[in-house]
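1. Build me a model:
(4 chains)
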Number of protein chains: 2
Amino acid sequence: MIIAPITISDIAKKSKVSVATVSRVLNDSDKVKEQTKEKVLKAIKELNYAPSDIARSLSRNITNTIGVVVPDINNPFFGQVIKGISSVTDKNDLYMLLCDTDENEQKEMKFIEMLKRQRIRGLIITPTADNDKFNAKYLSILENLNVPVVLLDRDVKYSKFDGVFLDSISGTYDAIECFIKEGHRKIAIISGPLSSKPGRDRLRGYKKALTMNGIEIDDRYIFYGDFRLESGYELTQEILKMEDPPTAIFVSNNMMNLGCIKALTEANVRIPEDMALIGFDEIELLNIMNMDISVVSRPTAQMGEVAMEILLDRLNEQKVDNQDTKRIILLPTLILRGSEKKAK
Amino acid sequence: MIIAPITISDIAKKSKVSVATVSRVLNDSDKVKEQTKEKVLKAIKELNYAPSDIARSLSRNITNTIGVVVPDINNPFFGQVIKGISSVTDKNDLYMLLCDTDENEQKEMKFIEMLKRQRIRGLIITPTADNDKFNAKYLSILENLNVPVVLLDRDVKYSKFDGVFLDSISGTYDAIECFIKEGHRKIAIISGPLSSKPGRDRLRGYKKALTMNGIEIDDRYIFYGDFRLESGYELTQEILKMEDPPTAIFVSNNMMNLGCIKALTEANVRIPEDMALIGFDEIELLNIMNMDISVVSRPTAQMGEVAMEILLDRLNEQKVDNQDTKRIILLPTLILRGSEKKAK
DNA sequence: CTGAAAGCGCTAACAG
DNA sequence: CTGTTAGCGCTTTCAG
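-> Prediction:
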């Protein structure tokens, strides 16, 4: 189904001026006599004309679309991030080409190449692999885009792209220190996998907080999960079976946190009377259900906004080869709701 | 930051053929001698060339992008829908221009006009206003797009666009009938606002089920909410205060359902021993937390898929003016988890 | 099989 | 102020 749309020359003809003049009123560049301008505007209205951005892009040799590549739209984190990005694109007449990689690296590379053909002006991306392994092919594809790239939440090793990240270490540090101030001494952590940076960082924050507060690190209290609900559930059960159990648990992400809460609830362990708890990331439902769990909260929408603003700056830059990488590291907020308390 | 990308003529020059030939190997149209083809391919690889989709679009007078306009990405329903749409676009070399209207009609109209300039080939949209009021301007903007439009979940009055919807009536009907089979006779409904079609339909399904099963409709058991959590919460409190309370409640959407559960929990009303419950729409986290609430479940991702497939069919159609509107009405599924049971 | 050349719809000098 | 014209990067006849 193809319907030839109205073009600029249709307007020119109808209003008896040249296409150049029409173009001028369209971009209100130069001066156009008020009278002719009105004629043109009238024709535009009558024919219901909308200029073709694609012709314009070709002619100007620049588009107004940016690419956004995320691993999973259904993850509330990315939903928020996209909202944040949109809020900036909306104000700047930019379009968002959205790709959902499903955490699939192959798909991701394909998307990036598609976006290159679309001549996106810039890219905001959360790479699928938060990998340590150096992926030369991946990096070269990204670099071959030849447009500014802003990383979001996940880094790409050996790259010098701009990025917006979160300081996991300090978030965890604050949480643990809060436990300590409450009087807890035996504090467990359900950590993420050490192969991921957030996993490592959160564990690091935990250790640092203990050390700085003169509490010895006890390996028995360190548990390694995989960020999925089940592991939070199982590890919590293990914790409950310990001979000398902790009085507080820090859980490194929201899914494991749910698993942990599930295990505690099933075992009739009251929070915080029997076990104090702080988790990483909000869980909206818990708040709704009046379950007051303290969390380290990330400014998600803001991450999207900031990423887009960095990108915008790059787009407006004059120098082609600005080498100074902009890396913004946002701080999470510790939100206390009582679950961190220590029984007297 | 602008870097002139490699063009087709760079390739032509480097491989010493004409641009026409390069174009041919790019589209593997016509026959190209194997040998020259290889030369060209080699040059493409070496220069890391990617053809410009926008130049191609202009020349072919057709793009490969479709517009998707939703009211709120953060609503899990639309997240799923987008996944469904993506699954089809991915396979068909189509790009998705995504717009989030924030339930704002002005924004929505602006987006549609932007999409027109982008010369999208088709549009999938969930209109902001599920309105009865006839909005001539809105309709004309949509029609002026001059591309196939597929409505998703919400209808536009007096339009003849294709669409994918959900049969709310039958979903609710099944739920209520299930209550009745369990032995419930006093069944309440927390309905949505009657100004919305889903609101009306769900109430209609409720009434129909009662009538068909010879149970008189008792207006005291009909409560009107606004689809938001608070109203579910408050109305449930009202229900609990009734002199002759129902033994079962049907709640018309997920947010009100949460509110209802919250109220029941706070009042120590056990589900289903003290009050049976079925809600409309899944709430993922309830399942995770082992809260077994029966629901009428919508095939969300499938709605997106189907919508995109309808659109695809339209794009491939020969006739420009195919008048037969395609309207698919999907059936929800009643998922029983025990919360519908009647105490003996 | 391959090249020349006209256009796709618009912008941007360059004249006038 | 306004018109003419040469592209933007690609596809697509039309010849050869």
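
2. ok, and does stretch A:79-97 reach over to chain B?
-> Yes - Stretch A:79-97 reaches chain B (Cβ under 8 Å from any Cβ of the partner chain) through A:79-80, A:82-83, A:86, A:90, A:93, A:95-97. Yep, even glycine has a C-beta here, placed from its N, CA and C like the rest.

3. what does the stretch 201-344 of chain A put close to chain B?
-> Counting by Cβ under 8 Å from any Cβ, the stretch 201-344 of chain A sits next to chain B at A:229, A:258, A:261-262, A:265-266, A:283, A:285, A:288-290, A:314-315, A:317, A:319-320, A:322.

4. and DNA strand C, which of the residues you listed contact it?
-> Counting by Cβ under 7 Å from any atom of the strand, nothing from those sits close to DNA strand C.

5. Just the buried ones from the residues you listed?
-> By neighbour count, with 16 or more other Cβ atoms under 10 Å in any protein chain shown, those hold A:229, A:258, A:261-262, A:283, A:285, A:288-289, A:314-315 as buried.

6. Let's see which of the residues of stretch A:79-97 next to chain B end up in strands.
-> In strands, defined here by DSSP state E, the members of the residues of stretch A:79-97 next to chain B are A:95-97.

7. Which member of those residues is positioned nearest DNA strand C?
-> residue A:95 (15.7 Å; Cβ to the nearest atom of the strand).

8. that older thread, format the residues of stretch A:79-97 next to chain B as a markdown table; extra columns: distance to residue B:45.
-> Compiled in a markdown table, these are given as follows (distance: Cβ to Cβ, whole Å):
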| residue | distance to residue B:45 |
| --- | --- |
| A:79 | 38 |
| A:80 | 40 |
| A:82 | 34 |
| A:83 | 39 |
| A:86 | 36 |
| A:90 | 39 |
| A:93 | 35 |
| A:95 | 30 |
| A:96 | 30 |
| A:97 | 25 |
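
9. Buried among these? Make that a ChimeraX selection.
-> Buried members of the residues of stretch A:79-97 next to chain B, defined by 16+ other Cβ under 10 Å, are picked up in ChimeraX with:
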select /A:79,80,82,83,86,90,95,96,97
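
10. Let's have the residues of stretch A:79-97 next to chain B in CSV, adding pLDDT.
-> Formatted as CSV, these follow (pLDDT from 0 to 100):
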residue, pLDDT
A:79, 91
A:80, 92
A:82, 95
A:83, 93
A:86, 95
A:90, 91
A:93, 89
A:95, 92
A:96, 93
A:97, 94
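
11. Restricted to helices, list the residues of stretch A:79-97 next to chain B.
-> Among these, DSSP state H puts A:79-80, A:82-83, A:86, A:90 in helices.

12. Remind me which helix or strand residue A:260 belongs to.
-> helix A:254-266 (DSSP states H and E).

13. and that helix, what other elements does it pack with?
-> helix A:229-241, strand A:248-251, strand A:276-280, helix B:284-288 (3 or more Cβ pairs under 8 Å, 6 or more residues apart in numbering or on different chains; DSSP states H and E).

14. Residue A:248 is in contact with residue A:179, correct?
-> Yes - using Cβ atoms under 8 Å, residue A:179 is in contact with residue A:248, at 4.7 Å.

15. Please enumerate the shared neighbours of those two.
-> Shared contacts of residue A:179 and residue A:248 (Cβ atoms under 8 Å, 6 or more residues apart in numbering or on different chains): A:187, A:276, A:278, A:340, A:342.

16. where's the dip in pLDDT among those residues?
-> Lowest pLDDT among those: residue A:342, with 85.

17. Return the residues of chain A in contact with DNA strand C.
-> Going by Cβ under 7 Å from any atom of the strand, the residues of chain A near DNA strand C are A:4-5, A:7-9, A:19-20, A:23, A:26-27, A:29, A:51-52, A:55-56, A:58-60.

18. In helices only, show me these.
-> Per DSSP H, these map to helices at A:8-9, A:19-20, A:23, A:26, A:55-56, A:58-60.

19. Can you flag the buried ones in these?
-> For these, buried by 16+ other Cβ under 10 Å: A:8, A:23, A:26, A:55-56, A:58.

20. Of all residues in the stretch 101-250 of chain A, which one is closest to DNA strand C?
-> For the stretch 101-250 of chain A, Cβ to the nearest atom of the strand, closest residue to DNA strand C: residue A:119, 13.3 Å.

21. Show the contacting residues for that residue.
-> Contacts of residue A:119 by Cβ under 8 Å, 6+ apart are A:57, A:63, A:65, B:5, B:52-54.

22. for the closest residue to residue A:215 other than its chain neighbours, phi and psi?
-> Spatially, and ignoring its direct neighbours in sequence, residue A:215 is nearest to residue A:185 (6.2 Å; Cβ to Cβ, 6 or more residues apart in numbering or on different chains). The phi and psi values for residue A:185, taken as degrees, to the nearest 10, are phi -120, psi -30.

23. Residue A:185 - how many residues pack around it?
-> 15 (other Cβ atoms under 10 Å in any protein chain shown).

24. Check residue A:199 too.
-> Neighbour number of residue A:199 under other Cβ under 10 Å is 21.

25. Kindly provide the distance from it to chain B.
-> Distance, residue A:199 to chain B, by Cβ to the nearest Cβ, to the nearest Å: 21 Å.

26. Quickly find the element holding that residue.
-> helix A:197-212.

27. Just want the angle from that helix to strand A:276-280.
-> 140 degrees (axes from the mean of the first three to the mean of the last three Cα atoms, to 10 degrees).

28. Would you mark the buried spots in helix A:197-212?
-> In helix A:197-212, counting by 16+ other Cβ under 10 Å, buried: A:197-203, A:205-210.

29. Out of the buried ones among the residues of the stretch 201-344 of chain A next to chain B, which two sit at the greatest distance?
-> A:262 and A:315 (46.0 Å; Cβ to Cβ).

30. circling back: give me phi/psi at the residue of the stretch 101-250 of chain A closest to DNA strand C?
-> phi 50, psi 50.

31. Make sure residue A:262 is actually in contact with residue B:291.
-> No - the criterion here is Cβ under 8 Å, and residue A:262 misses it with residue B:291 at 10.1 Å.

32. Below-threshold pLDDT in the stretch 101-250 of chain A: ranges please.
-> Segments of the stretch 101-250 of chain A classed as low confidence (criterion: pLDDT under 70) are A:129-134.

33. those helices in it, which residues are they?
-> Assigned helices in the stretch 101-250 of chain A, in chain order: A:105-117, A:136-144, A:168-182, A:197-212, A:229-241 (criterion: DSSP state H, counting those that start in this stretch).

34. and residue B:165, which of these is closest to it?
-> Closest among these, once you apply Cβ to Cβ, is helix A:105-117, at 30.1 Å.

35. what packs against the closest one?
-> Counting by 3+ Cβ pairs under 8 Å, 6+ apart, helix A:105-117 packs on strand A:65-70, strand A:95-100, strand A:122-125, helix A:136-144.

36. re the thing from before, the inter-axis angle of the helix holding residue A:199 versus helix A:168-182?
-> 40 degrees.

37. Let me know the closest of the contacts of residue A:119 to DNA strand D.
-> Of the contacts of residue A:119, the one sitting nearest to DNA strand D (Cβ to the nearest atom of the strand) turns out to be residue B:52, at 3.7 Å.

38. Isn't that closest one up against residue A:117?
-> Yes - using Cβ under 8 Å, residue B:52 is in contact with residue A:117, at 6.6 Å.
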